[in-house]
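Provided below are the primary sequence and the corresponding predicted coordinates.
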Amino acid sequence: MTLSLEDLGPEFRDKVTTQQYDPAPRIDGVRLIDLRLMSDDGGSFAELIRLDEEGNLEGVPGFKVRQSSYSLMLPGVIKAFHLHYNQEDVWFVPPTDRIVVGLLDARKDSPSYDVRMRLMMGGGKAQLLYIPRGVAHGGANLTTQPAVIFYYVNQHFSLSDPDERRLPWDAAGKDFWEMTRG
């Protein structure tokens with residue numbers, strides 16, 4: 001026997017929805033690169049970056065690492081949105097941590113202009129995320145434990161002329177950073 005909407009109580013009928021399984025829209029140029037995470041009874045290991053003979057990051061043609069940084073996000077913190085005119089980023093969140101990453105394409109001539117992406121990094125996976133210049137980005141730690149981001153950039157940071165622009169934390173909508181419920 002199968003059921004239909006009419007077989008549910010009237011107080012539930014207007015609340016029933018269907019989860020969407022279509023692929024989420026993608027931002028042009030953004031790349032999520034799966035890394036090999038090797039685990040054994042003593043722990044785990046992942047190679048984060050490999051540089052070719054010219055010093056370019058393998059897997060991201062033309063990306064030459066100029067600086068590597070570390071950021072600690074305390075529980076409940078949202079760090080967003082950052083935007084660069086020249087710098088490109090490659091992010092890594094350790095598999096032991098979990099961060100919701102938000103991306104917003106602010107490039108007016110991009111085929112994916114104004115597309116928003118939300119993805120989870122860490123959470124048992126080893127991945128790199130390549131973020132092109134002009135794509136606003138940020139992260140939220142929705143867990144109860146501190147979380148870490150290691151990131152590689154193709155420009156040196158300059159205190160006198162920082163390529164660090166900002167958009168409001170809610171530029172993708174006030175509910176963008178909310179934990180998905182249901």
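Okay, I see it.

which residues of the chain fall in strands?
Assigned by DSSP state E, the chain shows strands spanning 31-34, 37-40, 43-46, 67-73, 78-83, 89-92, 98-105, 116-122, 127-131, 135-140, 147-153, 165-166.

Which among those strands is found nearest to residue 54?
The minimum distance between residue 54 and those falls on strand 147-153, with 15.7 Å, by Cβ to Cβ. To be clear about C-beta, it is placed using only N, CA and C from the backbone, and glycine gets the same treatment.

residues making contact with the closest one?
Residues external to strand 147-153 that are found in contact with it (Cβ atoms under 8 Å, 6 or more residues apart in numbering): 48-49, 57, 65-73, 87-94, 97-99, 122, 139, 141.

and residue 67, what is it in contact with?
The contact partners of residue 67, taken as Cβ under 8 Å, 6+ apart, are 152, 153, 155, 156, 157.

For the closest residue to residue 129 other than its chain neighbours, list each beta-bridge partner.
Excluding the flanking residues, the one nearest residue 129 by Cβ to Cβ, 6 or more residues apart in numbering is residue 91, at 4.5 Å. In this structure, residue 91 has the following beta-bridge partners (DSSP bridges): residue 129, residue 151.

doesn't residue 131 make contact with residue 91?
Yes - between residue 91 and residue 131 there is a contact under Cβ atoms under 8 Å: 6.8 Å.

Common neighbours of those two, please.
Common contacts of residue 91 and residue 131 (Cβ under 8 Å, 6+ apart): residue 137.

Nearest to residue 145 among the contacts of residue 67?
In terms of Cβ to Cβ, no member of these lies closer to residue 145 than residue 152, at 23.8 Å.

distance of the closest one from residue 84?
For residue 152, the distance to residue 84 (Cβ to Cβ, to the nearest Å) stands at 13 Å.

Please provide the alpha-carbon coordinates for stretch 119-133, formatted as CSV.
This file holds the C-alpha atoms of stretch 119-133, laid out as CSV (Å, rounded to 0.1, in the frame of the first residue of the first chain):
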residue,chain,number,x,y,z
LEU,A,119,30.1,23.3,1.1
MET,A,120,31.6,21.6,4.1
MET,A,121,35.3,21.0,4.4
GLY,A,122,37.0,18.6,6.8
GLY,A,123,34.5,16.3,8.4
GLY,A,124,36.7,13.2,7.6
LYS,A,125,37.7,14.3,4.1
ALA,A,126,41.0,15.6,2.8
GLN,A,127,40.5,18.2,0.1
LEU,A,128,41.9,21.4,-1.3
LEU,A,129,39.6,24.2,-2.4
TYR,A,130,40.9,26.6,-5.1
ILE,A,131,39.3,30.1,-4.9
PRO,A,132,39.9,32.4,-7.8
ARG,A,133,40.3,36.2,-7.4
